[in-house]
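*Asks:* Give the three-dimensional model of this entry:
(2 chains)
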Amino acid sequence: MHEYSLIQSLVTRVESEARARRASSVHRVVVALGELSGVDPELFATAYDTFRAGTLCEGAPLEVRRVEARWSCPGCGREIHRGQVLACDACRVPARLAPGGDEIVLETIEMEVP
Amino acid sequence: MCATCGCGDTKLVPVDVHEKILAGNDRVAGHNREHFADQGVLALNLMGSPGAGKTALLEATAGAVRGRWRLGAVSGDLATDNDARRLERAGIPSRAITTGQGCHLDAELVHHALHGFAVGDLDVFFIENVGNLVCPAIYDLGQAANVVALSVTEGEDKPLKYPVMFKAADLVLLTKCDLLPHLDVRVESVLEGLRRVMPRPRVIQFSARSGQGMAEWVAWLEEQKARVPARKGGASSHDHLPGEHVHEHRHADGTVHAHGHDHSPGAGHEHSHAEHVHEHRHADGTVHTHGHGHSPGAGHEHSHAEHVHEHRHADGTVHAHGHDHAPGTDHGHSHGS
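*Replies:* Below you'll find the predicted structure:
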């Protein structure tokens, strides 16, 4: 249930950004959630709906952009598909995860500014 | 826009932030990591399900390296200090971190536990995380490596069911291997699963009871210790050289406070009559800066205080400050929580 503490961090971050820019309101918040970020998107959305009441995020829908976990060989670039052993047989090196596949990133805040 | 004076109208703009939501935790973890490196101590984050055998692993390890390495630990649980007491009995100086409802440790909780803990006297410092195969994986604590204890009684498919945890693992200890003759678990299927979730699978089959795998585990610890830079810090624990240390904390809730502080040698996270300046950014956006003096003493304790306030952060961390204010400092509080 760490989704709740993540949402608190998110809302606080959005509010401080909005205040710094003297925004009168926030219209939309976009977060990228990696498939291997350890965050359940549904729980994340529920936690957001619970926490945004009474904050600057109250009227701002949360848009979650899911980022698929994509593994490939750092040597030959061959894609390593879901469920396969995470190594390249040919190059004998461990697979590499594409950026974002394990991250939780606040991407964009849409806000009304003077 | 209003044609007369330009007032009133606003515009809708997208602001690109591109910041990790855990950036605040990662900053504090970086601070912890710096301290472990300065003290020349190997810090390990030990994770696994409740009952996977994390505490038993540490107890057995204490026996195996007695007289050779000094171990220390902090132990996270929702309630009770049972594990810390078990570790103490095994000869490992330990401290409990009770998280209340928190399902994981974060860098700030570990940072607080470090205050007054003589980490510099240790060779290996274990952070025994809250028993949980999900949440702890995403919080960096400042450790050098992650060790995941997976007991054979948990079933063959745990790695595939909990890929985030095993992807984060630098080493998996397959614990309770002495029970294998009584179970229908094939070790090969567990290993096969791990190869599909860990890009660099490293597994030791282990039993705290029989001693299986202990030599290999100690060898792994040795290998990790060899990577820790030689200690360059002073004589004590979470200690900073006078005047040279400034750090900024951003708490899980976005709160930021920066300290510039002098530490006197000898004890914990101690401030010696130094000018100590904090800047706090509260959840409501209020920022206030304090200058305050500390009397020599122990831990992160502030005396000379006429002003005490306690913060409870979103992640459950509580810390109280008593502080003197530098004359003229504007100090308005408006705590939302």
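*Asks:* Which residue is the nearest non-sequential neighbour of residue 91?
*Replies:* Unless you meant another one, I'm taking chain A. A:Gly75 (3.5 Å; C-beta to C-beta, 6 or more residues apart in numbering or on different chains). Where you see a C-beta, it was placed from the backbone N, CA and C, and this is true even at glycine.
*Asks:* ah, I was thinking of chain B
*Replies:* Taking C-beta to C-beta, 6+ apart, and ignoring the residues beside it in sequence, B:Gly91 has B:Ala62 as its nearest neighbour in space, at 5.1 Å.
*Asks:* before we move on, which element is that neighbour in?
*Replies:* Assigned by DSSP states H and E, B:Ala62 falls within helix B:54-65.
*Asks:* For that helix, give me every contacting residue.
*Replies:* Contacts with helix B:54-65, where a contact means C-beta atoms under 8 Å, 6 or more residues apart in numbering or on different chains, come from B:46-48, B:71, B:73, B:75, B:83, B:86-87, B:90-92, B:124, B:126, B:128-129, B:131, B:149, B:173, B:175, B:206, B:208-209, B:211, B:214, B:217-218, B:221.
*Asks:* rerun that using 6 Å as the cut-off
*Replies:* With contacts defined as C-beta atoms under 6 Å, 6 or more residues apart in numbering or on different chains, helix B:54-65 is touched by B:46, B:48, B:71, B:83, B:86-87, B:90-92, B:126, B:128, B:149, B:208, B:214, B:218.
*Asks:* And chain A, is stretch B:134-143 touching that?
*Replies:* Yes. Contact between stretch B:134-143 and chain A is present through B:Cys135, B:Ala137, B:Ile138 (criterion: C-beta under 6 Å from any C-beta of the partner chain).
*Asks:* Quick check: phi and psi at the first one.
*Replies:* The reference is to B:Cys135. With angles defined as degrees, to the nearest 10, B:Cys135 sits at phi -60, psi -40.
*Asks:* what's it in contact with, if anything?
*Replies:* Neighbouring residues of B:Cys135 by C-beta under 6 Å, 6+ apart: A:His2, B:Cys103, B:His104.
*Asks:* Relative to B:Met214, how far out is the residue nearest to B:Leu180 when sequence neighbours are not counted?
*Replies:* Residue nearest to B:Leu180 in three dimensions, not counting chain neighbours: B:Val152, with 5.8 Å by C-beta to C-beta, 6+ apart. Counting by C-beta to C-beta, to the nearest Å, the separation of B:Val152 from B:Met214 is 16 Å.
*Asks:* the more surrounded of those two?
*Replies:* Counting neighbours by other C-beta atoms under 10 Å in any protein chain shown for B:Val152 and for B:Met214 shows that B:Val152 has the greater number, 25 against 19.
*Asks:* residue ranges of the strands in the chain, please?
*Replies:* No chain specified, so I'll use chain A. Secondary structure of chain A (DSSP state E): strands at A:25-34, A:62-67, A:71-72, A:79-80, A:87-88, A:93-94, A:96-97, A:104-113.
*Asks:* my question was about chain B
*Replies:* All strands of chain B, identified by DSSP E, fall at B:11-20, B:42-48, B:71-77, B:94-98, B:124-128, B:145-151, B:171-175, B:203-205, B:245-250, B:256-261, B:276-281, B:287-292, B:308-312, B:318-322.
*Asks:* by contact count, what packs against the fifth one?
*Replies:* So the one you mean is strand B:124-128. Counting contacts by 3 or more C-beta pairs under 6 Å, 6 or more residues apart in numbering or on different chains; DSSP states H and E, the secondary-structure elements packed against strand B:124-128 are strand B:42-48, strand B:71-77.
*Asks:* What's the end-to-end length of stretch B:131-151?
*Replies:* Taking C-alpha to C-alpha, to the nearest Å, the first and last residues of stretch B:131-151 lie 12 Å apart.
*Asks:* what is the mean pLDDT for it?
*Replies:* Across stretch B:131-151, pLDDT averages out at 96.
*Asks:* Next, the buried residues of that stretch.
*Replies:* Of the residues in stretch B:131-151, those buried by neighbour count under the rule 16 or more other C-beta atoms under 10 Å in any protein chain shown are B:131-151.
*Asks:* ok, now which ones touch B:Met198?
*Replies:* Counting by C-beta under 6 Å, 6+ apart, B:Met198 touches B:Phe166.
*Asks:* how close does it get to B:Arg68?
*Replies:* As judged by C-beta to C-beta, B:Met198 and B:Arg68 stand 30 Å apart.
*Asks:* longest helix of chain A?
*Replies:* Counting residues, the longest helix found in chain A (DSSP state H) is helix A:3-20.
*Asks:* now it against strand B:11-20, angle please.
*Replies:* Regarding helix A:3-20 and strand B:11-20, their directions subtend 130 degrees when assessed with axes from the mean of the first three to the mean of the last three C-alpha atoms, to 10 degrees.
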